[in-house]
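A.B. asks: Turn this into a model:
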Amino acid sequence: MTIHHHPDDELLVAYAAGELDEAWSLVIATHTALCPVCRSDVHMAEAVGAALLEDMPAAEMAVLDDAALARTLALAELADEETPPDASSAASASGETDAPGGIPILPQPLRDYAGGDADTLKWRRLGAGAFQVPLVTGRRGAPTARLLRFPAGTAVPEHGHDGMEMTLVLAGSYADAGAPFARGDVDVNDAEVAHRPVAGAGPDCICLTVTERPLRFRGLIARLAQPFIGV
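C.D. replies: Purely as a prediction, here's the structure:
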């Protein structure tokens, strides 16, 4: 598997520093489980951060409330489940193994977070053969994360964004503005982009998508359906 599209360095460094919220942390942890290049970059950023911390004076730790503590522990678990930099153990730790039934679609961090692999989850219909599994609901305006599933040849309705959108391909493929995206690739779009991705031939395209704000659909039918499907 060759990955051609990656998150930018700023996101990887922010992830290593523990500065990302739940949805962004989930997509970066999942990508690094598949991508040895970004995994190595994250470990390097962590090492640099650890070295800098050694030179800093001690500071009193703030007291977390129960909700903040729970979120912190959840993100720590994601980091712990991320694959190690050692190439010999990377496939095993990420779930990329020759297990009965084939290689899991969802890498280990995402599989644990979602509660199972793609074929065991409860998919909700979106229409036109598409389905979703909401993962992070975006309370208080925070980014949302969801799994999306589209059959071959299905086009996502044309839409724009009021913030950043990041899509990680987990199975199948799709084309966006003529560029192909396959397993492990990350597609990043901002408020200046309007696009209409189309699922490629072959197996269903399954993606993990994080959005900062609800999508801005161009078509009337998609806009009318948006409050009911929650995207």
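A.B. asks: Confirm that residue 102 lies within a helix, as I assumed.
C.D. replies: No: with DSSP: H, G, I helix; E, B strand; the rest coil as the criterion, residue 102 is located in coil rather than a helix.
A.B. asks: count of residues packed around it?
C.D. replies: By the criterion of other C-beta atoms under 10 Å, residue 102 has 9 neighbours. In short, each C-beta sits where N, CA and C put it, glycine included.
A.B. asks: And it, how far from residue 119?
C.D. replies: 10 Å (C-beta to C-beta, to the nearest Å).
A.B. asks: what do you get for residue 14?
C.D. replies: 33 Å.
A.B. asks: what's stretch 1-8 in contact with?
C.D. replies: 28, 31, 34-35, 37-38, 166, 179, 181, 183-188 (C-beta atoms under 8 Å, 6 or more residues apart in numbering).
A.B. asks: ok, now stretch 133-145?
C.D. replies: Here stretch 133-145 has contacts from 21-24, 26-27, 113-114, 121-124, 146-147, 163, 208-212, 230, using C-beta under 8 Å, 6+ apart.
A.B. asks: Buried members of these into ChimeraX, please.
C.D. replies: In ChimeraX syntax, the buried subset of the contacts of stretch 133-145 is picked out as below (16 or more other C-beta atoms under 10 Å):
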select :22,23,24,26,27,113,114,121,146,147,208,209,210,211,212
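A.B. asks: can you tell me which of the contacts of stretch 133-145 are in helices?
C.D. replies: 22-24, 26-27, 113-114 (DSSP state H).
A.B. asks: Just the helices from this structure, written as ranges.
C.D. replies: Going by DSSP H, the chain shows helices at 9-16, 22-34, 36-54, 66-81, 87-94, 108-114, 220-229.
A.B. asks: Kindly report which one of those helices carries the lowest mean pLDDT.
C.D. replies: Ranked by mean pLDDT, the helices of the chain bottom out at helix 87-94, with a mean of 36.
A.B. asks: hang on, residue 113 packs against residue 26?
C.D. replies: Yes: under the criterion of C-beta atoms under 8 Å, residue 113 makes contact with residue 26 at 6.2 Å.
A.B. asks: ok, back up a step: could I get the ones in helices among the contacts of stretch 133-145 as CSV with distance to residue 45?
C.D. replies: Shown next, in CSV, are these (distance: C-beta to C-beta, whole Å):
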residue, distance to residue 45
22, 19
23, 20
24, 15
26, 18
27, 17
113, 22
114, 26
